[in-house]
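Student: build me a model from this:
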Amino acid sequence: MSGKIPLTVHDQLALLQERNMQFRNIDTAPHFLSNISYYRLKGY
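Tutor: As a prediction, the model looks like this:
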């Protein structure tokens, strides 16, 4: 294991926003993040 602490969906969204990812609708973002996953989205 890498020793990283797992992030909640809301923490993942905050991290993506810190990395300049923009969301059209932040209210629906948790739904899509839960279904698509952070690792797939972070490349965009």
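
Student: from residue 14, how far out is residue 23?
Tutor: Distance, residue 23 to residue 14, by Cβ to Cβ, to the nearest Å: 11 Å. In this view, the C-beta of every residue, glycine as well, is placed from N, C-alpha and C.

Student: pull the helix or strand with minimum mean pLDDT from this protein.
Tutor: helix 38-41 (a mean of 69; mean pLDDT, DSSP states H and E).

Student: low-confidence ranges, the protein, go.
Tutor: For the chain, the stretches flagged by pLDDT under 70 are 1, 38, 41-44.

Student: can you rerun that using 90?
Tutor: For the chain, applying pLDDT under 90 flags the ranges 1-7, 12, 16, 21, 23, 32-44.

Student: which strands or helices does the helix or strand that contains residue 12 pack on?
Tutor: Residue 12 belongs to helix 9-18 when elements are defined using DSSP states H and E. Applying 3 or more Cβ pairs under 8 Å, 6 or more residues apart in numbering; DSSP states H and E, one finds that helix 9-18 contacts helix 29-36, helix 38-41.

Student: out of those helices, which gets nearest to residue 10?
Tutor: helix 29-36 (6.8 Å; Cβ to Cβ).

Student: how distant is the closest one from the center of its chain?
Tutor: From the chain centre to the centre of helix 29-36 is a distance of 8 Å (Cα atoms, centre = their mean, to the nearest Å).

Student: quick one, that helix and helix 9-18 angle?
Tutor: Here the directions of helix 29-36 and helix 9-18 differ by 100 degrees (axes from the mean of the first three to the mean of the last three Cα atoms, to 10 degrees).

Student: name the residues that touch helix 29-36?
Tutor: Helix 29-36 has contacts (Cβ atoms under 8 Å, 6 or more residues apart in numbering) with 9-10, 12-13, 23, 41.

Student: repeat that with 10 Å
Tutor: Helix 29-36 has contacts (Cβ atoms under 10 Å, 6 or more residues apart in numbering) with 8-10, 12-13, 16-17, 21, 23, 25, 40-41.
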